[in-house]
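> quick one, structure for this:
(2 chains)
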Amino acid sequence: MYDTIIIGAGIAGLTAAMYASRKKMKYEIISSDFGGQFMVSGEVLNYPGIVKTTGVEFSMKMEEQMKFNNVNFKTETVKEIKKEGDNFRVITDKTEYETGTIIIATGARARKINVPGEDRLANKGVTYCSICDGPLFGGKAVAVIGGGDSALEAVDFLKDIVSKIYMIVRGDSFTGHEYLIERAKNNPKIDVLFNSETTEILGDKFVEEIKYKQGDEEKDLTVQGIIIEIGRVPNTETFKDFVKIDDHNHIAIDCTTATSVPGIFAAGDCASAHEYQYIIAAGQGCMALIKAARYLAHKKN
Amino acid sequence: MANIKVYSTPTCPWCIKLKAWLKEKGVEFDNIDVSADQEAAKNMIEKSGQMGVPQTEINGKMIVGFNTDAIEAELKSMGKD
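As a prediction, the model looks like this:
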């Protein structure tokens, strides 16, 4: 019987695992991959105690920190969780675990725009990771879709690589941090198209053209790359029949990270705080583990 | 010697992970930085039809992404694992 099973190895899950290890709890951390979304972030300039880092540097540090704390994660995919009396059963693609508590920290994944051509031309000019594939668009014209932090970060990264950037923004203004907005506004290479919605991506073998609607007008642009940064979808499908999910498909938690099911906690981007920040994920991961430990202690008494 | 090429960019996190994974396994490879070498980038895209990195060329096959299972299978077939 485990004290806790942590599902997900992004910042929230890893923080929980580090605390579990230091508390000498019997636990496992299970994830289909290591690192979560922070693997693909560019610059990080707002983490307390760290002046400036990148997603990769951060992930390498996290790996080192996990080794230091004897955290070893299991590469498995969780298929189902079940209640068994006072405890739970976690069923993965490889095995099963009995546990007193569960911490769900499955994060989120890139949201698709769901237009014709998007899936067919994925990895053929359509990408969701600007820092991975951006350098392949050297000297080319690209469209960045979105108006939030991720889109602005993508633009900031691409501006010295590509020849032209069209930002296709659905709303009438940006929603990201001021410093990123300033950088985008002051660059003649960048054209911002507000009130614009992408309708189709065209191309034979690779991306050649993007169609969009600005107000009632149908327009198109010749581009070789399309970077989609329109937010995230929480990875909560596996748990939707088990814990309460909010209107935006996040796992509903209270301020102590407790879900609707006593003994199950959720932390980070999969949970209902709706603010996607490293430091929030770390804080919630820590909170979830401590609350899980308290829950077990109460149960024993 | 195994002729393995890793097409990558310096900023791509999965490229860095992939190269670290190969090194840990003691697998020798040539790293090709497709952000600096446009000709190599074109070559990679033509060979695989895919515009993403990392890509690993092994036994004449192009493996896209941090797909360690597929790379391991190829290494095995070469008697390298």
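> show me what from the stretch 51-200 of chain A comes close to chain B.
For the stretch 51-200 of chain A, the residues found near chain B under the criterion Cβ under 8 Å from any Cβ of the partner chain are A:54-56, A:59, A:123-125, A:127, A:129, A:131-136, A:138-139, A:157, A:161. (Glycine included, C-beta is placed from N, CA and C.)
> which non-adjacent residue is nearest A:S41?
A:G55 (3.6 Å; Cβ to Cβ, 6 or more residues apart in numbering or on different chains).
> what pLDDT does that neighbour get?
Here, the pLDDT recorded for A:G55 equals 83.
> quick one: it and A:Y47 touch, right?
No: when contacts are counted by Cβ atoms under 8 Å, A:G55 is not listed as touching A:Y47 (11.2 Å).
> neighbour-wise, which of the two wins?
A:G55 (20 against 15; other Cβ atoms under 10 Å in any protein chain shown).
> need the contact list for the closest residue to chain B within the stretch 51-200 of chain A.
Nearest residue of the stretch 51-200 of chain A to chain B (Cβ to the nearest Cβ) works out as A:P135 at 3.3 Å. Counting by Cβ atoms under 8 Å, 6 or more residues apart in numbering or on different chains, A:P135 touches A:161, B:9-12, B:34-35, B:53.
> and it, how far from A:L289?
38 Å (Cβ to Cβ, to the nearest Å).
> surely B:I63 meets B:Q55?
Yes: counting by Cβ under 8 Å, B:I63 touches B:Q55, with 6.7 Å between them.
> looking at the two, which is more packed in?
B:Q55 (25 against 21).
> kindly reformat the contacts of A:P135 as a markdown table containing distance to A:Y19 and secondary structure.
As requested, these are exported to a markdown table (distance: Cβ to Cβ, whole Å; DSSP: H, G, I helix; E, B strand; the rest coil):
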| residue | distance to A:Y19 | secondary structure |
| --- | --- | --- |
| A:I161 | 40 | coil |
| B:T9 | 35 | coil |
| B:P10 | 34 | coil |
| B:T11 | 31 | coil |
| B:C12 | 31 | coil |
| B:V34 | 40 | coil |
| B:S35 | 39 | coil |
| B:V53 | 35 | coil |
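> flag every residue of chain B that's near chain A.
B:9-17, B:34-35, B:38, B:41, B:45, B:49-53, B:64.
> okay, now B:E24: neighbour count?
8.
> cool, B:W21 as well?
14.
> and it, what does it touch?
B:66, B:68.
> state the distance from it to B:K76.
15 Å.
> okay, helices next: where are they in the chain?
This is for chain A. All helices of chain A, identified by DSSP state H, fall at A:11-22, A:55-68, A:130-133, A:149-158, A:178-185, A:278-300.
> other chain: chain B
Using DSSP H, helices in chain B cover B:13-24, B:38-48, B:68-77.
> please name every helix or strand in contact with the second one.
Spelled out, that is helix B:38-48. Packed against helix B:38-48 by the contact rule (3 or more Cβ pairs under 8 Å, 6 or more residues apart in numbering or on different chains; DSSP states H and E) you find strand B:5-8, strand B:30-33, strand B:55-58, strand B:61-64.
> circling back: top of the contacts of A:P135 by neighbour count?
Neighbour-wise, the contacts of A:P135 (other Cβ under 10 Å) top out at B:V53, 31 neighbours.
> show me the contacts for that residue.
B:V53 neighbours (Cβ under 8 Å, 6+ apart): A:132-133, A:135-136, B:7-9, B:12, B:14-15, B:34.
> do that again at 10 Å, thanks
Contacts were defined as Cβ atoms under 10 Å, 6 or more residues apart in numbering or on different chains; by that measure B:V53 touches A:123, A:127, A:129, A:132-136, B:6-9, B:11-12, B:14-15, B:18, B:32-35, B:41, B:44, B:64-65.
> again with A:E28
Contacts of A:E28 (Cβ under 10 Å, 6+ apart): A:2-7, A:17, A:20, A:71-74, A:76, A:90, A:92, A:95, A:97, A:99.
> surely A:K124 meets B:G52?
Yes: the criterion here is Cβ atoms under 10 Å, and A:K124 meets it with B:G52 at 8.5 Å.
> right, I'll leave it there.
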